[in-house]
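K.L.:
Here is my input, please return the structure:
(chains A, B, C and D)
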Amino acid sequence: MYIKSIHLENVRSFPELQFDFERPGGRFAGWTVFVGGNSSGKSTILRSAALALIGPEAGGRLAGSPTGWIQKGQTKASVVLKVKWDREYDGFKQAGKNPGDSFEAGVRWFLEKKTDEIPEFKGVDKRNANDTRIKSAERGPWSPNSFGWFSAGYGPMRRLTGSSSEAMRYSSSKELESRYVTLFREDAALSESEEWLRRMHARTLESSSSEIGRMLEGVKELLGDGLLPHGMKISRITVDHVFVEDAKEVELPMRDISDGCRSIYATILDLIHGLCEVYGANKLFERTSEGKLVVACPGVVIIDEIEAHLHPSWQRDIPEWLKVHFPKIQFLVSTHSPLIAQAADENGLFILPLQSDEDQVARPATDAEYERIRWGTAHKTILGVAFGLKTTRTRWATQKLKRWQELNAKHHEGIRLAASEKREFVQLQKQMELAFDGAPVDAL
Amino acid sequence: MYIKSIHLENVRSFPELQFDFERPGGRFAGWTVFVGGNSSGKSTILRSAALALIGPEAGGRLAGSPTGWIQKGQTKASVVLKVKWDREYDGFKQAGKNPGDSFEAGVRWFLEKKTDEIPEFKGVDKRNANDTRIKSAERGPWSPNSFGWFSAGYGPMRRLTGSSSEAMRYSSSKELESRYVTLFREDAALSESEEWLRRMHARTLESSSSEIGRMLEGVKELLGDGLLPHGMKISRITVDHVFVEDAKEVELPMRDISDGCRSIYATILDLIHGLCEVYGANKLFERTSEGKLVVACPGVVIIDEIEAHLHPSWQRDIPEWLKVHFPKIQFLVSTHSPLIAQAADENGLFILPLQSDEDQVARPATDAEYERIRWGTAHKTILGVAFGLKTTRTRWATQKLKRWQELNAKHHEGIRLAASEKREFVQLQKQMELAFDGAPVDAL
Amino acid sequence: MRTLPSRKPLGEKLLSKLAAETAAITGSADAKTEAATRYGRARKAKWFEPVVKTLCELAGPGRRCMFCSGSESSDVEHYRPKAVHPELAMEWENYLWSCTPCNRGKSNRFPPETEDGGLLINPLDENVWDFFFIDDYGLLTPRFDSEAGVPDERAVSTRDLLSLNREAVHESRLMRLRNLRQQVTDTFGLLKQRKLSKGEARERLETWKLEPWQPDVASYFLSGPGKDRSPFKEFLAAI
Amino acid sequence: MRTLPSRKPLGEKLLSKLAAETAAITGSADAKTEAATRYGRARKAKWFEPVVKTLCELAGPGRRCMFCSGSESSDVEHYRPKAVHPELAMEWENYLWSCTPCNRGKSNRFPPETEDGGLLINPLDENVWDFFFIDDYGLLTPRFDSEAGVPDERAVSTRDLLSLNREAVHESRLMRLRNLRQQVTDTFGLLKQRKLSKGEARERLETWKLEPWQPDVASYFLSGPGKDRSPFKEFLAAI
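P.N.:
Modelled structure (predicted):
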């Protein structure tokens, strides 16, 4: 399944928001990015999408208290998705007519009485011409027993160890919310997947299942295909540890590698784990005509702040890696990194203004803006419309430039500088040469 | 206290490393930055410094198993700091002669027998001319009962809620390690400090202590002084919640504000909390001649990936904020952000090469490199020696540029392009104009 | 900022149309909303096009922003915001031509208490070189007010509100300055060697003045007080 | 890359000094370590200075990197790495002048199996324009090998190993190209109007060739096959 569009009404800071995610040619897979400042509502959009994908039951358990979701002064709020489904991968439970190409899935919050403090959290009622309720969402993505409908969501703190005991309860459950715990709870870790890998390994010891064995080999091959720097790859899986080895053949347990590597491993392993549970180990991998092993299952993957802990060169390369190795996944990600934003696929870049910027509303980038960003350098992107920095120099340097202007203005007006000012002026002038004369801006 | 220098031998990936942190004029406070790729050893340096600051006892509890710290093939490893102390703020316990200006504090790992698996973890023995052990570190920074010696360390995942039950044990202890839990354990949160604030508030209700009341006002003023975007500030402290309000007067509990804001709040609150415990509420705040409230206590603060969850404009401004509001703190931070690196103070920029870059060793930036970075734009910094990106364009765009070269090379050689190639060529040419003609690089 | 031609009078018909709109706004119960609606409608209407056209003519070749002279897409700008002064929403004398970043910097912060425009220099109706000069690094710099003993306050606030030295614009301005300096030096060399006549050099001068790339640089150094700086001074004295 | 003068012979004395060092290296038990030590010592020694000086003369004004023509600080470079070929550590014919980024790109990846230098074009001893051209966007482009039906393999691997179009260098190259194109157009205009004599235009040409900023551009378009491209072609034909 894919999300065709999202519509928010009165959800937190958004009075209304409507984003369509269809790419030219009717595709949905690939890289869709939300950029915006801190508190601009990126996480709100991602979490809203997640709640509508898993429905009010699992969503209610996950999101905890429903207070705070309704915009101040309003009495109701809603998120409605148009979901496109795939007859090959997704199945409906119970009797009922299957929808056409796509259907709506939505959740809403409302206050029964205006004086109520805590809103109700329910599914959005959708009826056909005969006033019969349409239960596509209930029978499909919201049902824990229906086949397919893969989706998962990851919060900005993706780590391998140490869930709080409360968060533990969610992530080890078999319910839909287990694939979204970190998106909603910062106290949750992604430890399940490493355990799963070890359990699978143990299972091959018990009964040499060739299917599981092949799957494990596939996981190793996939994660070893240029994901981590320095040629790092999974070298061994034992009952107690998953080991990682770098190009120099130094071997470490996965828990001991650096934050960025661990966090990426944890996320991608969890993704594979989830896809494997939903579609089965057999359907997981495919080999492209060039011989590359990829995971060719569809679904929706939400990642908040995908760039966390990654060096800029890796930020630049990770979107491409994910797109190549999960070619059918619709990635919805938020980011503070121009390098991540530049990787957006067509119709896949959405700009959220700062709350303080009252004139602006959340909107897709225009074609011209998008083209400029995808072809551009990080420099242009960060100074451009999507990030809006006036300068990338430090405040210190900016102050110094202003001080230079002050002294130079005095000098310009023919006013004699005091001895100390004169010294400062001469010093600053040297530094101005440094600030403005080097490559690559003018390269002289 | 400040760290004058650090010396590692055989610690993880570093055969040897010696960094001196003294700035021109003998200062130590300010911004010292370590930059390098993923797995380049940034966290190793920060954690090593932390262990030597708090000593083998607290450090041993914190770091857990001592395996993995000794470089492969070696039998011993050590970290030795030169610590500069401050007679006004730091005190020694027990009898003994106090050291001069500075003294050494070090820890080491060693294998008793070559065949041992698990190394011992001990303090480094330092003896004077009479072969008597010098116990400055034990009597000073390592002693839980000595006065002063503030230091703290924060890992890359700084959140407000949800420690695992195990991590909880550390952070609520009164021992030295409580201020370093997140640096070593990703399962730990910084929830203590919000609780502390609420407890202090409750205390003022019980007995209207003017000292605590003033301290709470100070905390509010400090955190409200332009730290968060949109004029966010602490509006109310109650027994149950700390409330944050933005410029539009929307009030939220601190736990509900966005990740970046929460993470910064959690860290700085923890810092104030720690300083308050060490130096006392009375000594905490000072007002500068311009009337700005600052925390003027000395100490060492280590932050791994300070930029996590922050929008680039905030990444640019946060170092300045911290330096202004904690003018006597020596910040040792690691980063993947050029904007953070540019804020380094003099002699405060250290470059760690990638493991795969065998020719290179970890080193301070040269004066020329440093000047270029502090005056420069993020563009120059990211393409320069400290980050070393060859390009900030996506791999997709880079591939397209190569494809353009291929087709253009054929054309250039006078070879007729096939119809499909011709179409691609014309299309690419248009996009080349887009990639290279826009502002600001050439601005025509 | 740069020197612009003085504001042309609009035709009678247009002015009376604008006046009618203004009357409708001031006569309305909710002038602010009325102003937003009427201006929004007008901006898309055919009759308003000559207004825009005249404004663009004032902006000169390349229709560069009247504040920063940058190239980002520009639009009609209310010097006094229509949200604060709905009665000026349809007032010709209140229109400028400005880019999105300048507009954004201004619109949220142009404070109503400075109704005399105190904080913001009007590039069309004031003499900008009384307030600014361009330095050797392309920085648009507030002039020093000798009497007050500080840089001119209005210039400083204008520079800061609109971020007139923001990185994208400044890099472009610096490049134009270097480019122009080289062209002038080259041409001056030829002039001295009598390869070019004064008339021909003057022709070149006119071309440079019309070049749409960061026209503030040409405005300052070729037509403004920057004529006193080398190599512009020597060159201009010679032709 | 650019056309460089052919490698000058060193003086007898220097060559025999180098030969003696080489003999000491090849005679040593651990040639690799010996090479590193002896080269390191030599690089700081007074007697070695003329070697560096001769190399810098070959690099031309600005001592730009022989690979990328960029401005980052450069140093002596072993075409065949001394770690793989200690016997060439002190060999004049093995020396180039290269910047740090190029050196780093090469040193870690120049593979020993290509002892014939297969993967890497030698800018001093080969004709670089047999392998590359510079396109209108300043990209150093591997030429198409019509027989093989693919771009020249050695050129491709050289470009990729050294990242010869890395952002910093490419931006600089593109600007030089635009700058040079403008200068040529201007000068050609004057020539046509007979404001400049051919001799004077030729003088200008020589100045541009010596300009130390991204000399690969001048080398290609003023002295190399780029002479066929507009506006260089018309200009060069006219003088």
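
K.L.:
residues in chain C within reach of chain D, list them.
P.N.:
Proximity of chain C to chain D, by C-beta under 8 Å from any C-beta of the partner chain, involves residues C:179, C:183, C:186, C:190, C:193, C:195, C:196, C:200. From N, CA and C alone the C-beta is placed, and that goes for glycine too.

K.L.:
out of the residues you listed, which are buried?
P.N.:
C:179, C:183, C:186, C:190, C:195, C:196, C:200 (16 or more other C-beta atoms under 10 Å in any protein chain shown).

K.L.:
Out of those residues, flag the one nearest to residue D:66.
P.N.:
residue C:179 (29.1 Å; C-beta to C-beta).

K.L.:
Does the closest one lie in a helix or a strand, and which?
P.N.:
helix C:167-192 (DSSP states H and E).

K.L.:
May I see the buried residues of that helix?
P.N.:
By neighbour count with 16+ other C-beta under 10 Å, helix C:167-192 contains the buried residues C:167-181, C:183-184, C:186-188, C:190-191.

K.L.:
what does stretch A:114-125 give?
P.N.:
Buried positions in stretch A:114-125, judged by neighbour count with 16+ other C-beta under 10 Å: A:119, A:121, A:122, A:123, A:124.

K.L.:
tell me the mean pLDDT over that stretch?
P.N.:
For stretch A:114-125, the mean pLDDT works out to 89.

K.L.:
now stretch A:395-413
P.N.:
92.

K.L.:
Which residue ranges of chain C form strands?
P.N.:
For chain C, applying DSSP state E gives strands covering C:74-78, C:95-99, C:132-134, C:140-142, C:144-145, C:150-151.

K.L.:
would you turn those strands into a markdown table with mean pLDDT and mean neighbour count?
P.N.:
Supplementary listing: those in a markdown table, determined by pLDDT from 0 to 100; neighbours: other C-beta atoms under 10 Å in any protein chain shown:
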| stretch | mean pLDDT | mean neighbour count |
| --- | --- | --- |
| strand C:74-78 | 90 | 20 |
| strand C:95-99 | 93 | 25 |
| strand C:132-134 | 96 | 25 |
| strand C:140-142 | 95 | 26 |
| strand C:144-145 | 94 | 20 |
| strand C:150-151 | 93 | 18 |
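
K.L.:
how about CSV for the ones you listed, with distance to residue A:225 added?
P.N.:
Formatted as CSV, the strands of chain C follow (distance: least, C-beta to C-beta, whole Å):
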stretch, distance to residue A:225
strand C:74-78, 48
strand C:95-99, 45
strand C:132-134, 53
strand C:140-142, 51
strand C:144-145, 62
strand C:150-151, 59
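
K.L.:
which residues pair with residue C:77 across the strands?
P.N.:
Going by DSSP bridges, residue C:77 is paired in beta bridges with residue C:96.

K.L.:
residues contacting it?
P.N.:
C:66, C:95, C:96, C:97, C:98, C:102, C:103, C:106 (C-beta atoms under 8 Å, 6 or more residues apart in numbering or on different chains).

K.L.:
quick one, helices of chain A?
P.N.:
A:42-63, A:136-139, A:165-171, A:181-184, A:191-206, A:210-223, A:259-279, A:281-284, A:312-325, A:338-341, A:367-375, A:378-383, A:395-412, A:419-437 (DSSP state H).

K.L.:
For the ones you listed, which has the smallest mean pLDDT value?
P.N.:
Least confident of the helices of chain A, judged by mean pLDDT, is helix A:165-171 with a mean of 67.

K.L.:
Name the nearest residue to residue 14, sequence neighbours excluded.
P.N.:
By default, I'm working from chain A. residue A:8 (4.8 Å; C-beta to C-beta, 6 or more residues apart in numbering or on different chains).

K.L.:
wrong one, chain C
P.N.:
Setting aside the residues directly before and after it, residue C:14 is nearest to residue C:50 in space (C-beta to C-beta, 6+ apart), at 6.0 Å.

K.L.:
How about residue A:128?
P.N.:
residue A:134 (5.6 Å).

K.L.:
What about the one you found, how many residues nearby?
P.N.:
Look at residue A:134: counted by other C-beta atoms under 10 Å in any protein chain shown, it has 16 neighbours.

K.L.:
now swap in residue C:35 and tell me
P.N.:
Residue C:35, neighbours per other C-beta under 10 Å, totals 26.

K.L.:
Would you check which pair of the buried ones among the residues of chain C next to chain D lies furthest apart?
P.N.:
Distance extremes for those: the farthest pair is C:179 and C:195 at 20.8 Å, using C-beta to C-beta.

K.L.:
Quick check: which helices or strands does the helix holding residue C:179 pack against?
P.N.:
For helix C:167-192, the packing partners by 3 or more C-beta pairs under 8 Å, 6 or more residues apart in numbering or on different chains; DSSP states H and E come out as helix C:198-210, helix C:215-218, helix C:232-238, helix D:167-192.
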